[in-house]
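Novice: Following is a predicted model, sequence given first.
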Amino acid sequence: MMRGKKLRVRRLMDPAGISGSGEPRVLIESVCASGRGELRPRVSLARAAHCGASAAGGFSESVCVLGSGELRARASLARAARGGVSPARSLVMLCILAQLTAACTPREAEPHAHEEHAEHAAPGETRGEHVPNLVRVEHGMLRDLRVTIQPAESRPAGDTVTVLGELRVNEDAYAEIGTSITARVSRVLAAPGDVVKEGQPLVELDSPEVGRARATLSTSGARLELARRTIERRRGLAADQIIPQRELHAAEAELAQWEAERRAAHESLAALGAERGSGSRFVLSAPLAGTVIDRTVLRGRLVDAEQPLFSVGDLSKLWLVVHAFERDALRMHTGATARVSFPALPGQSASGAVTLIGSRVDPVSRTVDVRIELDNPRGVLRPGMSASALVPLGDAAETVVAVPVQALQRQPDGWCVFVPREAEGEFELRAVGRGRDLGPEVEVLSGLRAGERVVVDGAFLLKAEADKARGGGDGEHHHH
C-alpha cells in the first residue's frame, strides 16, 4: 500500500445473516491506511441495531497493527451474545477482518523497504538521487584493488616514430663506370676499397673499334695540317696576283672540311670513352674522387655495355632511406632532425636531417621512402647497413591531452576512463575519444580535460566490476 492512500471497501455484506434478521447487512464500511501504516477498520454498527442489539451492546471490534506487522483482533463476544449475535458468527466476522488485513500486509512493507534503503544511503547523498555511470567500491575492496590516480597531462602534440631502413650511397656523389663498346680487359688498375682521385685510371681496355676511331682522328689531323699549309701558300700567291681568287676560296673550303672531320673523329673517340690511350687501347678513369665500392672486371675478360665495371662513391656522407607508413609520412617535415641507431654498432648513434619525403606510396608495403642524410667522417658506416631512426612527427607547438595507456579501457561502444569523485570509493565511468598512441601514453580527443584525475592502476579491475554490475541491469553500480 502506498503511503497516504486509502483502501476502501464500500460494501461488505452479511451473507449468513449474522444480524439474526435473515436480511443481508453491511458490516464493514471501509478500511483505510493511515499515514503511519496502521490499519483502522471502521465498522458501521448502525444497521446492526435493527437486529435487536444496542449501539453499546452491538458488535464492536478493533484491529491494530503492531510494530512487527502482527495483527491482533479484539472482539467482545459477550456483548455480541447479548445483542443476538452468536459467538460462531462473531468468529466469522473476525476471519473476514483477518483476510482483509492479510491482503494489505505486503503493500504495507513497501514503505518500510524505502525507509530502510534511505537509512543505508551513502552520507551526503540525496534520497532518490541517480548518478549515471557511477561505480561504488567498499573501503576493503578499494584497498585490495590498489588503485593509483594520476592527472591527465597536457603535452606537445609533436610525437616521434621509429622507422627502419638501410644505408645507401650518396647518389649526388656516386658514379658507375663502364664502357659503351665491346672490349677486352688489358690491365686492372684499381681494387675495391681503394680511395681514388678524380681522373685516376681504373682499367685499361683494348677494342678494335677504338683503333679505327683513332685512325680516323689521325688521318683527319694530317689532312687538316696539309690544308692549313696549302691555304697559307695560296694566300701569298693571291696577294701577288699570281693565282686567281677562286683557288684561294677552294683552299679555304678544303681547310674547313678537314677541321670538321677532325672534330667529328675526336668527338667519336670521346663518346667511346677512349680519349686516353693509344692505338686500340684506351683507359677508363674515375669521374670523381671517392672510394671504389665495387669492381666486376678481371684481366682478359671481354666486357660490354650491359654492366658497369666499377662503382665509385664519396662515403663521407651517406643516405639512410627509411620506410614510413603513410599516416606517419604525412606528419613528417623536411629539415627535422632524426636520431639514428645501428644494430651493428650497439651503444652508438648518429643524427641527421630529413632531406626528402617520397611522393609515392609503395603499393605492396604501403610505405613511403624517407631520406635522411648522415655524416660519415670516420668511414665506419657502410652502404647496405640496417638502421632504425627516431623521426619527429607533427608540430611541437601544439598540445594534446594524454593519459597513461593503462587508464584507458575498452567498452562495447568505445573507450572510457574512471574519474574519482569526492566521496571515497566512488568513481565515474566516463566515455572518452581515443587518439594516437604516444609511446607509453595515449592521446585523448574528447571527454577529458588536462589536470582531471583518472585511475591508472586498477582501472581494468574497476571496469570488470562495472561490467558485472551492468550485467545485473543496474543503472547505478554499487559493489561490496
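Specialist: Yep, it's here.

Novice: Next, the buried residues of stretch 245-257.
Specialist: Leu248, Ala251, Glu254, Leu255 (16 or more other CB atoms under 10 Å). Placement of C-beta: from N, CA and C, glycine included.

Novice: secondary structure element for the last one?
Specialist: Remark: Leu255 resides in helix 245-271, with elements defined by DSSP states H and E.

Novice: residues in contact with the residue lying closest to Gly313 once chain neighbours are set aside?
Specialist: Once flanking residues are discounted, Gly313 sits nearest to Tyr174: 3.8 Å by CB to CB, 6 or more residues apart in numbering. Residues near Tyr174 by CB atoms under 8 Å, 6 or more residues apart in numbering: Gly290, Ser311, Val312, Gly313, Asp314.

Novice: next one: Ser446
Specialist: Neighbouring residues of Ser446 by CB under 8 Å, 6+ apart: Val432, Gly433.

Novice: how much space between it and Ser341?
Specialist: Distance from Ser446 to Ser341, counting by CB to CB, to the nearest Å: 36 Å.

Novice: what does Glu452 give?
Specialist: Glu452 is 37 Å from Ser341, by CB to CB.

Novice: Most neighbours among the contacts of Tyr174, please name it.
Specialist: Neighbour counts for the contacts of Tyr174, by other CB atoms under 10 Å, peak at Val312, which reaches 29 neighbours.

Novice: Which element, helix or strand, includes that residue?
Specialist: Taking DSSP H and E as the criterion, Val312 maps to strand 310-313.

Novice: List the contacts of that strand.
Specialist: By CB under 8 Å, 6+ apart, strand 310-313 touches 169-170, 173-178, 190, 196, 202-203, 284, 286-288, 290-297, 383.

Novice: Of those residues, just the buried ones, ChimeraX syntax please.
Specialist: Selecting only the buried entries of those in ChimeraX, with 16+ other CB under 10 Å as the criterion:
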select :169,170,173,174,175,177,178,190,196,202,203,284,286,290,291,292,293,295,297,383
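
Novice: who's in contact with the most centrally placed residue in the chain?
Specialist: Central residue of the chain (CA atoms, centre = their mean): Arg436, 3.9 Å from the mean position. By CB under 8 Å, 6+ apart, the residues touching Arg436 are Asp159, Val442, Glu443.

Novice: let's see 6 Å
Specialist: Contacts for Arg436 (CB atoms under 6 Å, 6 or more residues apart in numbering) come out as Glu443.

Novice: Would it be right to say that it lies in a helix?
Specialist: No: counting by DSSP: H, G, I helix; E, B strand; the rest coil, Arg436 is not part of a helix but strand.

Novice: That one and Arg299, how far apart?
Specialist: Going from Arg436 to Arg299 by CB to CB gives 60 Å.

Novice: Repeat that for Trp415.
Specialist: For Trp415, the distance to Arg299 (CB to CB) stands at 71 Å.

Novice: Between those two, point out the one with more neighbours.
Specialist: Shown here are Trp415 and Arg299; by other CB under 10 Å, Trp415 has more neighbours (17 against 11).

Novice: Just give the closest residue to that one, not the sequence neighbours.
Specialist: Sequence neighbours aside, Arg434 is the residue nearest to Trp415 in space, at 4.6 Å (criterion: CB to CB, 6+ apart).

Novice: same thing with Arg339?
Specialist: Distances taken as CB to CB, 6+ apart put Leu390 closest to Arg339, at 4.4 Å, once the chain neighbours are dropped.

Novice: And Glu176, by the same measure?
Specialist: Nearest one to Glu176, counting by CB to CB, 6+ apart, is Pro308 at 3.8 Å.

Novice: Would you confirm that that neighbour belongs to a helix?
Specialist: No: secondary structure of Pro308 (three-state DSSP): coil, not part of a helix.

Novice: Go ahead and confirm it touches Ala175.
Specialist: No: taking CB atoms under 6 Å as the definition, Pro308 is not a contact partner of Ala175, at 8.9 Å.

Novice: sorry, back to before: relative to Phe310, how far out is the residue nearest to Gly313?
Specialist: Counting by CB to CB - Tyr174 and Phe310 are separated by 11 Å.

Novice: before we move on, the earlier item: can you name the element that comes right after the strand holding Val312?
Specialist: Per DSSP H and E, the first helix or strand lying C-terminal to strand 310-313 is strand 317-325.

Novice: residues in contact with that following strand?
Specialist: So strand 317-325 is contacted by 163, 165, 167-168, 170, 367-372, 374-376, 381, 387, 389 (CB under 6 Å, 6+ apart).

Novice: Mind checking which of these are buried?
Specialist: In these, burial by neighbour count holds for 163, 165, 167-168, 170, 367-372, 374, 376, 381, 387, 389, counting by 16+ other CB under 10 Å.

Novice: ok, so of those, who is nearest Leu461?
Specialist: The nearest member of those to Leu461, counting by CB to CB, is Val163 at 36.5 Å.

Novice: Contacts only, for the closest one.
Specialist: With CB under 6 Å, 6+ apart, Val163 has these contacts: Val322, Ala324, Ala389, Val391.

Novice: Once you drop chain neighbours, what's closest to it?
Specialist: Once flanking residues are discounted, Val163 sits nearest to Val322: 4.1 Å by CB to CB, 6+ apart.

Novice: what's the burial count for that neighbour?
Specialist: Counted by other CB under 10 Å, the residues lying close to Val322 total 25.

Novice: Kindly report the same for Arg430.
Specialist: Arg430 has 15 neighbouring residues, counting by other CB under 10 Å.

Novice: quick check, it in a helix?
Specialist: No: with three-state DSSP as the criterion, Arg430 is strand rather than part of a helix.

Novice: is it in a bridge, and if so with what?
Specialist: With DSSP bridges as the criterion, Arg430 is bridged to Val417.

Novice: doesn't Arg421 make contact with it?
Specialist: No: with contact defined as CB under 6 Å, Arg430 does not reach Arg421; the gap is 11.0 Å.

Novice: and whichever strand or helix holds Ala350, C-alpha only, in CSV?
Specialist: Assigned by DSSP H and E, Ala350 falls within strand 345-357. The C-alpha trace of strand 345-357 is given here as CSV (Å, rounded to 0.1, in the frame of the first residue of the first chain):
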residue,chain,number,x,y,z
LEU,A,345,77.1,-0.5,-33.6
PRO,A,346,75.4,-1.0,-30.2
GLY,A,347,75.6,2.0,-28.0
GLN,A,348,76.4,4.3,-30.8
SER,A,349,74.0,6.7,-32.5
ALA,A,350,74.1,9.5,-35.1
SER,A,351,71.8,12.3,-36.0
GLY,A,352,70.8,13.5,-39.5
ALA,A,353,68.4,15.8,-41.2
VAL,A,354,65.3,14.6,-43.2
THR,A,355,66.0,15.8,-46.7
LEU,A,356,63.4,14.1,-48.8
ILE,A,357,59.9,12.6,-48.2
